[in-house]
Structures are given as C-alpha cells and as structure tokens.
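Chemist: here are the coordinates; sequence isn't available:
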C-alpha cells in the first residue's frame, strides 16, 4: 500500500512538473516583457503550492534585490523594498545560490533571528533564479492557505519553476539588450540622416552667399586682365595675386563648410550616461584605431586609478573625441612610442593623455580656431585634433594642451556634478511628461515651465507645439501674464476664453488657434516650483472642468517626481529604469485604443451618483484614462487568431500588472494602483488576480469594472456590432450581484438614463 502511495505521489509530481513546463513553454513564445514574465511565473508558483503570498525579486545593477511581482504583499512595500545580497532571508538565499524549504523558521538554525512579521505561518520556500551560475533574482512563496507546511514535492516544483524562470528571463534580458543596441543604431542612422539634410541646406545657402561673389571676383579679375594693358608686368602680377588669393579663399571656404556646422552642435546633442573607461577601451580596440596604431608601430596604455563615475555626454561624439585625438596625435609619434591615458576622480573626472614626444607649438596653440586648420603642413592631422577639441567644447569640458619637459600632455576635466546630472535628467524626463500630457489630453501645445531658484523667473524646460525661438526667449516674472499669476497665487486657472479676462494680456502668437487655455502650478510642499500650460485642444473645443481634474492629477505626479529628483532620492539605476519605463509608457499611450471621452464622462457621473468625494471624482477621471494602458503590451504578443491559447489568456489576465508597472516610477497613489490592479475582480469572488469579493474589492475598481464593461458593449468590435444603450444596460443588469456591485450598476443606470453625458 505504501509502495502504491509512493508511486502515486511520484506520478502526481511528474504530472505537475509536466504541467508547469507546458504552461511556461506556452507563454515563452508570446512575451518577452519582464513584468509579464515575473507575474506569470509567480502565478504558477502560487497556484501549484496553494499559497496566499509570494514575490519574485530581480537583481538590479546596484546589486540589490527589488520586487518585480508580488501577491498578497502590501503595495507600498512592493514599490520601496530593496535588499542587499547577503541581508535578510532572500539576500542570504541569493548569496548562497541554494534553494531552501523552511518548515518552521523558529527552529531552523539557518535563519535564526530573521524577522517575518508580515506572514501568518512560519513555513516558506525561497529559491534563487539562476542561469549558468548567473543570479537573476529570488522566488519566494509564503503562507499556505490551509496553514500547513510546504512539502518536499512543492519544494521540487518551485525549484523547477525557478530554473525555467531563469531561462525565460535570460531570453528576455537578451532581447531587451538587443533592443537597446538596435535603438542606438537607429539613433546613429537618424543623426546621419539629419546631418545630410542640414548639410544639404547649408551647402546650398553658402553656395549662393559665399561662392557666388568669390567667383564673380575671379571673373572680374579675368576680364580686367584682358581689357587692360596686358603688357604691364606690374598689372599682370597684381591680377595674378588677386586671382591666386581668390582661388585660395574659394578652396578654404569649401574646406571649412564641414566644420562651421559644429558651432550649433550643443543644440543637437543627445546625452546619456557613459561608462568612460569602458568606452575608451572600446575605442582602443576599434578597427580604425588599431589599424592606425599598428601602421605606426604605436602602443597605448590605459590606467584607471579608481572606480570612475559615469559621465553625461553624447556617446557617439565622445567616441569620436577619443578616436580623432589618438589618430591626430599618432602622426607625430614614432615606432614603439606609447600613448598613455590615465583616469582619476576627485570632484570631477580627470583624464590625462600623454605622448613621449613634444609637439610643435604651432600644432596645438591655435587648434581651437578653424581658420588655421588648412594653413601649413599636416592639415589632415590638425583637422582631427580640431574635431576632438570641438567635441570637448560642446560638452563644456575643460581641455589644456601643453608641452612639458620631455612629453606632450593633454588634461581633460569632465564635470560629474550632481547639478549637471539633475539638469540632464530634468530635460529628458520633462520632455517625456510633455509628450504624455499632450497625448492624454489630446492637445497640440503643452509647456512645462520651472522657476529659477534665485530670481523666481519662469523659463520653459520642455514644450510641444512651440517654436524654438519662443522656448529660448520666454522668461516670465511673478504676476506677469497667466503663468506668472498662477505661480504667485498657487492656484490652477481654467479660461474658456482669454478675451473675457481683461486682466490677462493674450499672447499674440500664431501657434495659438483657440482662446481657451489651462495653466496649473507645480508644487513641492506647498511651494510653487513651476507651471504647466496647456493650449489648443485638437478638437478646437474649450477646456472643461474634467480636463482641469485630469491635468491636476498629472501635475501632482510630476511634482512628486521633481521632489524625488531635487531631494537626491535617485541613482543612475533608478533613472535608467525610469526613462526606459516611460519610453514604454509613451509607446503604449500612442497605441492605446480607449481614448474616447465617453469613458471618463460616464465614470465621472457614476462616481458622482455614488456620493464620492471631490478627490475620489478627480482620481476616477484620471484612472479612467490610464487603467488599461498595459493591455497594449499584452495585445502585441497575441496571435492574430480569434481564439486565445491558454498562455495568451494568462498574459491577458496579468495586463493590470503591466499598467501598474508602466506607471510605477511616478505613481504615488496606492488607491490608483489598487484600483487598476483589481478592476477585473468579480463581486462574487471569482475574478482575478486575487479573487476578492464584495466590499473587499476597492471602490474605484468596482466602479471601473462596470463602466469598462458598459463602454465595451456600446463599442463596435470586429466580431460584432455595438449594443444599443438599452441592450447594454440589460447585459450589465444580468451581472448585478455576481459580476458587478449592485450599487454601481444602479449608479450607471441613473447616469445613462439622465442622457446628459456627451457621447451617449
């Protein structure tokens, strides 16, 4: 009998393992989104062990474990938790790279004294996620629903899931790395195309403005020499001098055309975080530089005295800086000479480039001046040194070149100040927020203005729909115009028609096609730090109170982000993650299909009928515009057929986690996150992701569920026609008490029957 039971248990375990592998193989081919993978793996682990709580932690670039997916764990802990390798239970498991099954932590010597206040039982499983000894993270499973201990079979299943998770995550990370490389190549191609356009336009203009008069002079000299006394030696010599100088000017102007464009390169630079030591090593091993060094029989020596902070710069141009510098210097060196490069860091990154030969002073003394590049010998080498100097200048690096007693030395001082990093992050992130607001509110013009800390003047940090001239020259003092008034009063301003507000002077700008505008303050601890201005709705309509509510919610999120930025609560890793996440958010927003105004209109009315507070109404409008952004990520991974596979169904079920993942870097409201996560719960407890029941489901989720279903019914689909208003209400009533909260259903009926909602 015992043998049969053992055989049955083994068979059952094999069947479960096979089922796990089948589930994983199904969704392995439909998604490479790391958030989706983390939640799918965690769902599998929790379902197969009948557990209540669990988390899947990922290792970040700082060597910390953070929670990428969680069930049954407080959302605030979810977003803020970080654990170093070797600390706590998960950190210990990560360090030892060994899975553990603990049946009672109080008697387990391995984790004596480790606190677990958040859990009901003393039993848990913690398993490292490893691929070829590379640690990706840790999978933790806690609190079986029946209160019993986890079994050896369940432990074996979690190990299997962790092993498969490592393979899937390795695949996902590789694909993401390929995307980053592809994006970099795409940026290079884009810059080359942009340069071609700029160069063509510039050459055309210079051809008319410079070459034409020079050729006219040349022709005039030729005509003069023919019509005057050609027998005069003095006159012939005079004409030859003018002709030769004119030809020289024509040649010089043509040579200089390629460099004049560099004067404005600071406006076209795209900065990012650069590992300088790694980039220099990449330059030294590049094909072109190696060929130059080998041809001359030269060697290089790179010495990095300590860990160097990443610098901010345009990676392509910084690469060109080193390549041109080394190639330019190599001309003046001899066989077996060594170009020594050193790096150190104090308040700045300090770099030295030293050659064992002194250079003629004429080579480097006027290197900053393009006029002298083609004068004298070795113009090609001078050109390369000039290009390197221009890169340093556009990056605002301090560069000093000098002959020392027995060598030539270049010192480069590169700022790594926190202020510069903040300014660069500010530019990138404010551009993203501007784009996001414009998409969400469907407007053509949006600007974010920030106040100068000393003068209080407002200047535009980011804008969409405004000319470069306006952006550069706009400076607004307190009380001046609409923005100045908003900054002083600290209150948002909604003007349906600025002509009816005589105390505001309308800006006579051709970009403004309507008289309606919105202006809102950005605040940190009640202090106004900036203003957001919104103009020109694409529909041509005036802004509404609903627009104001939505814009106010967005302002709160931007202020939250700025507070973290200015307070120094950030790291290189955080901003990399933020920018990558925001890129995905913008991409999802542009492809988002639920942008019709009918949804927030109905949502606002339904919430009002439920006697919600003003804050709840504002949050409801905001959440109704963003709650399903994560479905874009899920939909891109689905097959084109009508019927979804089991793995695709699982992918669709976790799309709320995708949405929260997209918003997480600047979304501070737990009510918003919970409202989104649980809008597919059912009133009878049969929904997902947590099978919450009745009043356990967040209020906003219950309202969102009803409005989402109603709007889906009255919208035409590829596979069916749109329901009429009455037919849709009838369908919703059928689900009252089972799918939906009866009170919310009643509120929807009242809202729809009032027939005052635009779009119904």
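Modeler: On my side now, so go ahead. These numbers come from a predicted model, not from an experiment.
Chemist: what stretches of the stretch 401-550 of the chain score poorly on pLDDT?
Modeler: 416-421, 454, 499-513 (pLDDT under 70).
Chemist: For the stretch 551-700 of the chain, give me the ranges with low pLDDT.
Modeler: 569-574, 576-577, 580, 591-596, 632-651.
Chemist: try 90
Modeler: Within the stretch 551-700 of the chain, the stretches with pLDDT under 90 are 561-601, 611-617, 624-671, 673-674, 677, 687-691.
Chemist: What segments of it are helices?
Modeler: Assigned by DSSP state H, counting those that start in this stretch, the helices in the stretch 551-700 of the chain fall at 572-591, 598-609, 614-626, 631-636, 646-653, 655-663, 670-677, 699-713.
Chemist: Run through the residues that contact residue 352.
Modeler: Shown in contact with residue 352 (CB atoms under 8 Å, 6 or more residues apart in numbering): 340-342, 409-412. Backbone N, C-alpha and C define where each C-beta goes, glycine included.
Chemist: Sort out which residues of stretch 475-485 are buried, please.
Modeler: Residues 476, 481-485 are the ones in stretch 475-485 that count as buried (16 or more other CB atoms under 10 Å).
Chemist: hmm, I was thinking of stretch 672-687
Modeler: 672-683, 687.
Chemist: And for stretch 93-103?
Modeler: Those would be 93-94, 99-103, for stretch 93-103 by 16+ other CB under 10 Å.
Chemist: Which two among those residues are spaced furthest apart?
Modeler: Farthest pair in the buried residues of stretch 93-103 (CB to CB) is 94 and 103. Separation: 21.2 Å.
Chemist: my guess is residue 402 meets residue 359, correct?
Modeler: No. Contact between residue 402 and residue 359 fails when scored by CB atoms under 8 Å: they sit 9.5 Å apart.
Chemist: Show me where the stretch 101-250 of the chain has its helices.
Modeler: Using DSSP H, counting those that start in this stretch, helices in the stretch 101-250 of the chain cover 152-206, 212-227, 233-260.
Chemist: Equivalent analysis for the stretch 401-550 of the chain, please.
Modeler: Going by DSSP H, counting those that start in this stretch, the stretch 401-550 of the chain shows helices at 418-441, 468-473, 481-489, 545-566.
Chemist: Distance to residue 536 for the ones you listed - can I get that in CSV?
Modeler: As requested, the helices of the stretch 401-550 of the chain are exported to CSV (distance: least, CB to CB, whole Å):
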stretch, distance to residue 536
helix 418-441, 10
helix 468-473, 14
helix 481-489, 14
helix 545-566, 12
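Chemist: So which of these is nearest residue 246?
Modeler: Closest among the helices of the stretch 401-550 of the chain, once you apply CB to CB, is helix 468-473, at 36.8 Å.
Chemist: center of this protein, which residue is that?
Modeler: The centre of the chain sits closest to residue 579, judged by CA atoms, centre = their mean, with a distance of 1.9 Å.
Chemist: need the contact list for it.
Modeler: Counting by CB under 8 Å, 6+ apart, residue 579 touches 428-429, 432.
Chemist: out of these, who has the most neighbours?
Modeler: residue 429 (23 neighbours; other CB atoms under 10 Å).
Chemist: That residue contacts residue 585, doesn't it?
Modeler: No. Taking contacts as CB under 8 Å, residue 429 lies outside contact range of residue 585: 11.7 Å.
Chemist: so residue 520 touches residue 492, yeah?
Modeler: Yes. Counting by CB under 8 Å, residue 492 is a contact partner of residue 520 at 4.2 Å.
Chemist: Compare these two and say which is more crowded by neighbours.
Modeler: Per other CB under 10 Å, whichever of residue 520 and residue 492 has more neighbours is residue 520, with 23 against 17.
Chemist: What's opposite that one in the beta bridge?
Modeler: Bridge pairing for residue 520 (DSSP bridges) gives the partners residue 532.
Chemist: May I see the buried residues of stretch 447-459?
Modeler: 447-451, 457-459.
Chemist: same question, stretch 524-536
Modeler: Judged by neighbour count (16+ other CB under 10 Å), stretch 524-536 contains these buried residues: 528-536.
Chemist: First-to-last residue distance for stretch 473-488?
Modeler: Start-to-end span of stretch 473-488 (CA to CA, to the nearest Å) is 21 Å.
Chemist: nope, stretch 684-703 is what I was after
Modeler: OK, stretch 684-703 end separation, CA to CA: 15 Å.
Chemist: List the buried residues for it?
Modeler: Buried residues in stretch 684-703, counted by 16+ other CB under 10 Å: 687-689, 692, 697-703.
Chemist: just how off-centre is it within its chain?
Modeler: 32 Å (CA atoms, centre = their mean, to the nearest Å).
Chemist: what's it in contact with?
Modeler: Residues contacting stretch 684-703 (CB under 8 Å, 6+ apart): 43, 71-72, 603, 606-607, 610, 612, 616, 619-620, 623, 653-654, 656-657, 671-672, 674-681, 683, 737-741, 744, 747.
Chemist: neighbours of residue 107, just the number please.
Modeler: Neighbours around residue 107, by other CB under 10 Å: 9.
Chemist: Can you report how many residues lie near residue 486?
Modeler: Residue 486: 24 neighbours (other CB under 10 Å).
Chemist: how close does it get to residue 433?
Modeler: Separation of residue 486 from residue 433 (CB to CB, to the nearest Å): 17 Å.
Chemist: and if you look at residue 247?
Modeler: 55 Å.
Chemist: Those two - which one has more neighbours?
Modeler: The neighbour count for residue 247 versus residue 433, taken as other CB under 10 Å, is higher for residue 433 (23 against 12).
Chemist: so what's the more buried one up against?
Modeler: Applying CB under 8 Å, 6+ apart, we find residue 433 in contact with 448, 462, 554, 558, 561.
Chemist: need the contact list for the spatially closest residue to the last one that is not a sequence neighbour.
Modeler: Think residue 561. Spatially, and ignoring its direct neighbours in sequence, residue 561 is nearest to residue 666 (4.7 Å; CB to CB, 6 or more residues apart in numbering). Contacts for residue 666 (CB under 8 Å, 6+ apart) come out as 557-558, 560-561, 578.
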